[in-house]
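Student: Model the following, please.
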Amino acid sequence: MILRLISANVILGLAPIALVIASWQGLVSFGFAPAALLPPPGHVFGRLLQQLVTWTFQLEIAATLIRLFAGFAIAVVLGVSIGIAAAASPAINAAVRPIVRVLAPLPKVALYPALLLLLGFGHGSKVTLVAADALFPILLSTYYGASTVEQKLIWSAMAAGTPRYEILFKVVLPAAMPSILTGCRIGLVISCIVVFLAEMITSTDGLGHALVTAARTFQAVDMFVPLITISLLGLILNALLGAVRSYLLRGFPEA
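Tutor: Down below sits the predicted model:
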């Protein structure tokens, strides 16, 4: 029964991807788009396999992943810490709430020129942009999860003489974990998008830089390879985080 359910989920997940690839091939085959601008998917995936075994392309992937993981890790640490603190302390909540209301709707990419001036064109500006964009979904999810923890759990821990800081780590944090991990999955997707965009704007390496370089030289096939690569990386990382979520929440009914 479980295997059938997993197979059905896999088929449902792959069907939209297959539909997109088939539509892509149809646009090229029926002449709706010239092959010079929209190459057939077979050519793109063949070029991708060739690139994956080259040291140069592996370095591009590594540069993107380093920035992605660094920014995402910073966002997780800050988002979870601030979210838990805001839920536990009315004073911190009062200080954080207006900042979140102002900065959360702001497109963080608008801050990128200022980050370039402050942190330069290296990893720092891109990592900071990724962290800033991924922070708020994680922070808000953590705050919501921690704020909705049943009070009777906290009262029971207090009645047992558990110190306040231990209640945060032994009661509130585990109870808020489903919401936290949901925010992390959203933040991870945002991180993939933002790091690619930052590398397209200004970078000397990374998948975004590879796309811009190919576009400037009118190499259509090589232009699509970084797009497919970042999509596959996002798919793999999301699946891995989903597996971690299922493992950590194996005792939760909604997991």
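
Student: from here on, contacts and neighbour counts on C-alpha atoms
Tutor: Will do.

Student: show me what contacts the closest residue to residue 175 other than its chain neighbours?
Tutor: The shortest distance from residue 175 to any non-neighbouring residue, by CA to CA, 6 or more residues apart in numbering, is to residue 149 (6.3 Å). The neighbourhood of residue 149, defined by CA atoms under 8 Å, 6 or more residues apart in numbering, consists of 172, 175, 176.

Student: pLDDT score for the residue positioned nearest the centre of the chain?
Tutor: Closest to where the C-alpha atoms of the chain average out (CA atoms, centre = their mean) is residue 188, at 1.5 Å. If you check residue 188, the pLDDT there is 95.

Student: what's the answer for the one 10 residues further on, then?
Tutor: For residue 198, the model assigns a pLDDT of 92.

Student: quick one: what helix or strand has it in it?
Tutor: helix 173-201 (DSSP states H and E).

Student: Please name every helix or strand in contact with the following helix or strand past that helix.
Tutor: Proceeding N to C from helix 173-201, the next assigned helix or strand is helix 207-216, under DSSP H and E. On a contact count with 3 or more CA pairs under 8 Å, 6 or more residues apart in numbering; DSSP states H and E, helix 207-216 meets helix 55-88, helix 173-201, helix 220-248.

Student: Next, format those as a markdown table and append distance to residue 43.
Tutor: Formatted as a markdown table, the helices and strands packed on helix 207-216 follow (distance: least, CA to CA, whole Å):
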| stretch | distance to residue 43 |
| --- | --- |
| helix 55-88 | 17 |
| helix 173-201 | 23 |
| helix 220-248 | 7 |
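
Student: mind checking which of those helices is nearest residue 210?
Tutor: The closest of those to residue 210 is helix 220-248. By CA to CA, the value is 6.7 Å.

Student: check contacts around residue 123.
Tutor: residue 67.

Student: thinking again about what came up before, and residue 116, which of the helices and strands packed on helix 207-216 is closest to it?
Tutor: Closest among these, using CA to CA: helix 173-201, at 10.4 Å.

Student: The closest one versus helix 207-216: what angle between them?
Tutor: Interaxial angle of helix 173-201 relative to helix 207-216 (axes from the mean of the first three to the mean of the last three CA atoms, to 10 degrees): 30 degrees.

Student: Okay, now the unreliable bits of the stretch 151-255 of the chain?
Tutor: 153, 155, 158, 160-163, 252-255 (pLDDT under 70).

Student: and with 50 instead?
Tutor: Along the stretch 151-255 of the chain, no part satisfies pLDDT under 50.

Student: which helices and strands sit right next to the helix holding residue 198?
Tutor: Using 3+ CA pairs under 8 Å, 6+ apart: helix 173-201 touches helix 55-88, helix 123-147, helix 207-216, helix 220-248.

Student: Check the ones you listed for me and report the most buried one.
Tutor: helix 123-147 (a mean of 25; mean count of other CA atoms under 10 Å).

Student: Report the distance from that helix to the chain centre.
Tutor: 10 Å (CA atoms, centre = their mean, to the nearest Å).

Student: returning to what we had before: distance check, the residue nearest to residue 175 against residue 33.
Tutor: 54 Å (CA to CA, to the nearest Å).

Student: before we move on, back to that, list the residues that contact the residue nearest to the centre of the chain.
Tutor: Residue 188 neighbours (CA under 8 Å, 6+ apart): 72, 134, 234, 237, 238.

Student: roughly how far apart are it and residue 85?
Tutor: 22 Å.

Student: Over to residue 222?
Tutor: 47 Å.

Student: Now the element after the helix or strand that contains residue 95, going C-ward?
Tutor: Residue 95 is located in helix 90-103, with elements delineated by DSSP H and E. Heading C-terminal from helix 90-103, the first helix or strand you meet, by DSSP H and E, is helix 112-119.

Student: Check which helices and strands that following helix sits against.
Tutor: Counting by 3+ CA pairs under 8 Å, 6+ apart, helix 112-119 packs on helix 123-147.
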